[in-house]
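Visitor: How does the following fold in three dimensions:
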Amino acid sequence: MATHLQRLQQHLHQTRLLGSISSTIYYDQNTSMPAAGAPWRGEQLALLAGQLHTRQTSSEYAELLDAAEAELGAEATQEQRRNLQLLQLELKRQRCLDPQLVSAITQAQSRGNAIWQAARARNDFSAFAPALKELIELRQQQASQLASAESIARSPWEILAQPFEPDVSKARLNQLFTPLKRELPVLLEKAAAKPPSPPSAQLSENSQNKLCAKLLQSWGYNESCCQHSRSAHPFSCTLGPQDFRITTRVVPGQPLSAFLATAHEWGHSLYEQGLARSGDHYFPWPLGDATSMGVHESQSLFWECRVARSKEFAGRWHPHFCAELGSDPWNGSTGFWRSLNPLQPGLIRVEADELSYCLHIVLRFELELALIEQELPVEDLPQHWNQRLNELLGIKPANDSEGCLQDIHWAEGLFGYFPSYALGHLISAQLAEAMEKELGGEGAIAA
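Guide: Numbering: from 1, shown residues only. Reported below is the predicted structural model:
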C-alpha cells in the first residue's frame, strides 16, 4: 500500500500534468492561435485554472499533506521538510483566493493578451486601457485576499511579487535601484562622448533565422525535446520534463535583435533543462522548480550579455555573419562586437544596452507601484511613461507602441515581475566575475 508521501507525490504529479496542459494551450495562444480564438481560449484557460485551484485547495489534499508530514516526523530530511514547508505555504495562499476571482483573472489575462497585441500593432493605447484597468483591479483584489497568508505585513505590490521573487520588498529594491539611478546616467554620459557604434548591416529575415538556428545548434539545441517558434514577444516555457519551448521575433530595422533574443531565451531554457527532473526531492516537488525569476533571468542574461555580447564571442561569430552577408560591413570582429554593444539609450527594453537596461526596469517598477498602490489613472500611463523615460534616459517615444505598449507583462497582469530582470542582470555580472576569477580571466568565456 502506498505511503502518504507516495500518494502526495502522485497528487503533485497529476497537478503538474494539468498545469502543463494549461501551459501548452497558452503557448499555442502566443504562437499559432488565430486572433478570433481568444475568447474561447480564455474560457479554456479559466476552466483549467479553476480545476487547478480546486486540486490545490481541497480538504483531501490538505489532509494528505498533513499526513505526509506526520508520517515523516523527525526522520524527515532537510529537503523533505523544505518541500513540505513550501507546499503548506502555497496551500495557505491558494485557500485565501476566491475561485471566481481565479477564473476572472485567467479570462482577463487571455483577453488582455489578445487586445494588447492588436493595440500595439495599431499604436492604440486607448483600446488597451480598459483591459489594463480590469487587470489592475483584479490583481488588487487578489493581493487583498492573499494578505492574510503572509507571515509579515506586505504591501499589495509586494504580495503580487512573491511568486516571482520570494521575500522581495520595496525597501530592498530601492536599496539596489537608488545607486543604479545615480551612477548609470553618469556612465551613459561618458559613453555618449565616445564615437558611436558602427551601424549594423541589414540582414534579411531568412539570414537572421539561419543565424539563430546556428546559434542554438552550437549551444546544445536538441530537436528531440526542444522547439523554437515565433511570437509577438519572445518567451521561454517548459511544457513537460522533456518538452522545452522558446520563441523569438524578427524586428524590422534591428538586425541583431532576434539573434540576441535567441541567446536570452535559450539561456532560460538551458536553466530549465538543467533542473533536476528525477529523484525523491525534485520534480514534481517544489525544490525541482526554479529558485526565483531573478535567478532565472540571471541565466538568460548571462548567455545574452556576458557571453553573446562579449568580445570573444564576437570574434568567433563574426565570420558566420560575414559569410551570410557575403561581405564584412564591420571591418573586422571589433566592429562587429561594437555593433553588438551599442552603448546608447534606446526606447525598447529587450533591445537595451547593458548600461541602460536596469533603468528600463526602474521605470517599470516605479510605474507599477503608481498603478497598484498610488492610484495612478490608467489613462495617464503613457504621459507618465514618456516623462519618466526622458528623465532616466533622455529620450522620448514617438508613439505608445515603442513606449508603454512594448511589453506583454502588464497585458497579462504580471505585476511584480519586472524587478527580476534587474536582479538577474546584477546576478549574471556577479556570476561572470566569479567565473573569470576562478577559471582564469576573460578567456574563460571564450573557452
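
Visitor: Find the helix or strand that Ser236 is a member of.
Guide: Following DSSP states H and E, one finds Ser236 within strand 235-240.

Visitor: partners of that strand in the sheet?
Guide: Counting by DSSP bridges, the strands paired with strand 235-240 are strand 243-248 (antiparallel).

Visitor: CA atoms only: put the strand it pairs with into CSV for me.
Guide: Taking C-alpha atoms only, strand 243-248 is exported to CSV below (Å, rounded to 0.1, in the frame of the first residue of the first chain):
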residue,chain,number,x,y,z
ASP,A,243,9.5,19.5,-23.6
PHE,A,244,11.2,22.9,-23.8
ARG,A,245,9.9,25.7,-25.9
ILE,A,246,11.3,29.1,-26.8
THR,A,247,10.0,31.9,-29.1
THR,A,248,11.7,34.8,-30.8
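
Visitor: before we move on, back to that, what separates the strand holding Ser236 from the chain centre, distance-wise?
Guide: 11 Å (C-alpha atoms, centre = their mean, to the nearest Å).

Visitor: what's the domain layout of this structure?
Guide: With domains defined by the TED database, the chain comprises 4-154, 205-340.

Visitor: quick one: pLDDT of the closest residue to Gly413 other than its chain neighbours?
Guide: Using C-beta to C-beta, 6 or more residues apart in numbering and skipping residues adjacent in sequence, the residue nearest Gly413 is Leu135, 3.7 Å away. In short, each C-beta sits where N, CA and C put it, glycine included. In this model, Leu135 is scored at 98, pLDDT.

Visitor: how near is Leu135 to Ser126?
Guide: 16 Å (C-beta to C-beta, to the nearest Å).

Visitor: was I right about Leu173 contacting Ser420?
Guide: No. In terms of C-beta atoms under 8 Å, Leu173 does not count as a neighbour of Ser420; the distance is 10.4 Å.

Visitor: between Leu135 and Ser126, which one's more packed in?
Guide: Taking other C-beta atoms under 10 Å, Leu135 and Ser126 do not tie; Leu135 has more neighbours (23 against 10).

Visitor: How far away from the center of its chain is stretch 368-382?
Guide: In terms of C-alpha atoms, centre = their mean, the centre of stretch 368-382 is found 22 Å from the chain centre.

Visitor: buried stuff in it?
Guide: Counting neighbours by 16 or more other C-beta atoms under 10 Å, one finds that the buried residues in stretch 368-382 are 368-372, 376, 378, 381-382.

Visitor: same question, stretch 435-447
Guide: Buried residues in stretch 435-447 (16+ other C-beta under 10 Å): Ile445.

Visitor: what's in contact with that stretch?
Guide: Outside stretch 435-447, the residues that touch it by C-beta atoms under 8 Å, 6 or more residues apart in numbering are 306-307, 310-313, 315-316, 432.

Visitor: As a check, name the ranges of all helices in the stretch 51-200 of the chain.
Guide: Using DSSP state H, counting those that start in this stretch, the helices of the stretch 51-200 of the chain run over 59-72, 78-96, 99-122, 125-146, 156-161, 170-192.

Visitor: Ranking those helices by mean neighbour count, which comes first?
Guide: Of all those, helix 156-161 has the most neighbours on average by mean count of other C-beta atoms under 10 Å, namely a mean of 24.

Visitor: contact partners of it?
Guide: Helix 156-161 is contacted from outside by 139-140, 142-144, 146-147, 150, 168-170, 368-369, 372-373, 415-417, 419, using C-beta under 8 Å, 6+ apart.

Visitor: swap the cut-off to 7 Å and go again
Guide: Residues outside helix 156-161 that contact it (C-beta atoms under 7 Å, 6 or more residues apart in numbering) are 139-140, 143, 146-147, 150, 168-170, 368-369, 372-373, 415-416.

Visitor: Distance-wise, check Leu393 relative to Leu5.
Guide: Distance from Leu393 to Leu5, by C-beta to C-beta: 53 Å.

Visitor: export the domains of the chain to TSV and tack on distance to Gly403?
Guide: TSV is the format used below for the domains of the chain (distance: least, C-beta to C-beta, whole Å):
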stretch	distance to Gly403
domain 4-154	8
domain 205-340	15
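
Visitor: Pick the most buried one from the ones you listed.
Guide: Comparing the domains of the chain by mean count of other C-beta under 10 Å gives domain 205-340 as most buried, with a mean of 18.

Visitor: per-residue confidence averaged over that one?
Guide: The model assigns domain 205-340 a mean pLDDT of 94.

Visitor: Would you mind checking the average pLDDT for stretch 24-34?
Guide: Stretch 24-34 carries an average pLDDT of 95.

Visitor: longest helix in this structure, by residue count?
Guide: When the chain is parsed with DSSP state H, its longest helix is helix 4-31.

Visitor: so that one versus helix 59-72, what angle?
Guide: Taking axes from the mean of the first three to the mean of the last three C-alpha atoms, to 10 degrees, one finds helix 4-31 and helix 59-72 inclined to each other by 130 degrees.

Visitor: Could you tell me how far helix 4-31 lies from the centre of the chain?
Guide: The chain centre lies 20 Å from the centre of helix 4-31; the measure is C-alpha atoms, centre = their mean.

Visitor: orientation of that helix relative to helix 78-96 in degrees?
Guide: 60 degrees.

Visitor: Show me what helix 4-31 is packed up against.
Guide: With contacts taken as 3 or more C-beta pairs under 7 Å, 6 or more residues apart in numbering; DSSP states H and E, helix 4-31 sits against helix 38-57, helix 59-72, strand 235-240, strand 243-248.

Visitor: Next, format the ones you listed as JSON lines and append distance to Ser197.
Guide: Shown next, in JSON lines, are the helices and strands packed on helix 4-31 (distance: least, C-beta to C-beta, whole Å):
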{"stretch": "helix 38-57", "distance to Ser197": "40"}
{"stretch": "helix 59-72", "distance to Ser197": "55"}
{"stretch": "strand 235-240", "distance to Ser197": "28"}
{"stretch": "strand 243-248", "distance to Ser197": "22"}
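
Visitor: Looking at those, which is nearest to Arg388?
Guide: Across the helices and strands packed on helix 4-31, Arg388 has its closest neighbour in strand 235-240 (25.4 Å, C-beta to C-beta).

Visitor: Can I get the closest one in CSV, CA atoms only?
Guide: Coordinates of each C-alpha in strand 235-240 appear next as CSV, following Å, rounded to 0.1, in the frame of the first residue of the first chain:
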residue,chain,number,x,y,z
PHE,A,235,9.5,34.0,-24.2
SER,A,236,10.5,30.6,-22.9
CYS,A,237,8.3,27.9,-21.3
THR,A,238,8.6,24.3,-20.2
LEU,A,239,5.6,22.1,-21.1
GLY,A,240,6.9,18.9,-19.6
